[in-house]
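K.L.:
fold the stuff below for me.
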Amino acid sequence: MTRSVKTMAQIVGIGLAATTLLSACSLKEPVRPASAPIAKEDIKPVAQAEVADAPSLEGKTVGIAAKDIVHDFSRTVYEELQAKIGELGGEVIATQAEAKDDKHVADIENLIAQSPDAIVVILGDAQTLTPALAKVDEAGIDLFTVDFQSEYSKNNVTSDNWNIGTTLARTLAEDIDGQGRILAFNGFPGVTPCRIRYESLKLVLQEYPEIQIIDPELQDKYEGTIEDAKKQVQDQLRRLPEGEIDAVWSCWDMPLIGLPTRWIPRKTPTSDCTE
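P.N.:
Purely as a prediction, here's the structure:
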């Protein structure tokens, strides 16, 4: 790994390290509320130490293509990357796609046209982005990714999604005493963290045969997530007999922020993982 590639890998790591508290889950430890902003003093000091000896990025240009900055995780990574690249003397071309897949692809293609030394992609849908990332590779531009697995990426900095997914599922199962029916938002199979966390849910529920996922599963979406999720859950509350829904599962925080306030589950879940 060359010095410039190693430097970018370290910097991408910092952006993700800054969100450690957002993506951590524990079976019984309290976690940060989904709507609570992250404070600078909460960012772990290790983030600073990891790049203390990083070489300068003077004269280097780095493009950033974020899927969105609508929730704490992606917004914090987006901001921290820009700050660290700037501190090391690099120039940043930052874009965010407002949660629109076609804009995300266009942003990456526009960055390629500007010939940066590296491009960092934050989140995204694999099926949609892969052709654009192949173009990054063909152009000889170093590609780095955050929570996005790609054969073209020099380094993917990611959450421990298997740990997050199984811990979330186990906590939910324990909170409803190992029995009941749950609504599951499952709209992003092409987004690696969501796919892994959903697969973890299904794996864990094999050990809880008295818990069932209600059909049809709900389809979360990026644009208008909170209001859309609220409407979908309200529709299910009207469709199903009272007391039929014991919990709601989602791979990320935004749909859960939209839960109707009038709905109180049989036992309030404590398994809230932000990011």
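K.L.:
only C-alpha atoms from now on, for both contacts and neighbour counts.
P.N.:
OK.
K.L.:
could you pull out the strands for the stretch 151-275 of the chain?
P.N.:
155-157, 180-184, 211-213, 247-249 (DSSP state E, counting those that start in this stretch).
K.L.:
redo the ones you listed as CSV? Include mean pLDDT and mean neighbour count.
P.N.:
Formatted as CSV, those follow (pLDDT from 0 to 100; neighbours: other Cα atoms under 10 Å):
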stretch, mean pLDDT, mean neighbour count
strand 155-157, 92, 22
strand 180-184, 95, 20
strand 211-213, 96, 17
strand 247-249, 94, 21
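K.L.:
need these in a markdown table with distance to Leu133, can you?
P.N.:
Below are the strands of the stretch 151-275 of the chain laid out as a markdown table (distance: least, Cα to Cα, whole Å):
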| stretch | distance to Leu133 |
| --- | --- |
| strand 155-157 | 13 |
| strand 180-184 | 31 |
| strand 211-213 | 35 |
| strand 247-249 | 31 |
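K.L.:
what pairs with the strand or helix carrying Val120, parallel or antiparallel?
P.N.:
Assigned by DSSP states H and E, Val120 falls within strand 118-122. Sheet pairing for strand 118-122, assigned by DSSP bridges, gives strand 61-66 (parallel), strand 142-146 (parallel).
K.L.:
where does this protein dip in pLDDT?
P.N.:
Within the chain, the stretches with pLDDT under 70 are 1-53, 261-275.
K.L.:
the residue nearest to Ile108 when sequence neighbours are not counted: neighbouring residues, count only.
P.N.:
By the measure of Cα to Cα, 6 or more residues apart in numbering, the closest residue to Ile108 outside its immediate chain neighbours is Ala65, 6.2 Å from it. Per other Cα atoms under 10 Å, the neighbour tally for Ala65 reads 27.
K.L.:
you'd agree Ala65 is up against Ile119?
P.N.:
Yes: Ala65 is within contact range of Ile119, at 7.3 Å (criterion: Cα atoms under 8 Å).
K.L.:
which strand residues bridge the closest residue to Ile213 other than its chain neighbours?
P.N.:
Nearest residue to Ile213 in three dimensions, chain neighbours excluded: Ile182, at 5.0 Å (Cα to Cα, 6+ apart). Counting by DSSP bridges, Ile182 is bridged to Ile213, Ala247.
K.L.:
for Ser250, give me its contacts.
P.N.:
Residues near Ser250 by Cα atoms under 8 Å, 6 or more residues apart in numbering: Ala184, Phe185, Asn186, Leu256.
K.L.:
which one among those residues gets closest to Ser153?
P.N.:
Asn186 (25.9 Å; Cα to Cα).
K.L.:
so what's that closest one up against?
P.N.:
Asn186 sits next to Cys194, Tyr198, Glu217, Leu218, Gln219, Asp220, Ser250, Cys251 when contact means Cα under 8 Å, 6+ apart.
K.L.:
measure the fifth one to Gly89 for me?
P.N.:
Right, Gln219. Look at Gln219 and Gly89: by Cα to Cα, to the nearest Å, they are 43 Å apart.
K.L.:
same question for Tyr208.
P.N.:
53 Å.
K.L.:
go on, Glu98?
P.N.:
Glu98 is 27 Å from Gly89, where distance means Cα to Cα.
K.L.:
got it, and Asn110?
P.N.:
Asn110 sits at a distance of 23 Å from Gly89 (criterion: Cα to Cα).
K.L.:
same deal with Lys230?
P.N.:
From Lys230 across to Gly89, the span is 44 Å (Cα to Cα).
K.L.:
report the contact partners of Val105.
P.N.:
If a contact means Cα under 8 Å, 6+ apart, then Val105 has Thr128, Leu129, Ala132 as its contacts.
K.L.:
sort out for me which of those residues are in helices.
P.N.:
Mapping these onto helices (DSSP state H) picks out Thr128, Leu129, Ala132.
K.L.:
okay, now the first one: neighbour count?
P.N.:
Other residues near Thr128 come to 14 when the count uses other Cα under 10 Å.
K.L.:
do the second one as well
P.N.:
Other residues near Leu129 number 20, with proximity taken as other Cα under 10 Å.
K.L.:
find the residue closest to it in space, skipping its chain neighbours.
P.N.:
Excluding its sequence neighbours, the residue lying closest to Leu129 (Cα to Cα, 6+ apart) is Val105, at 6.0 Å.
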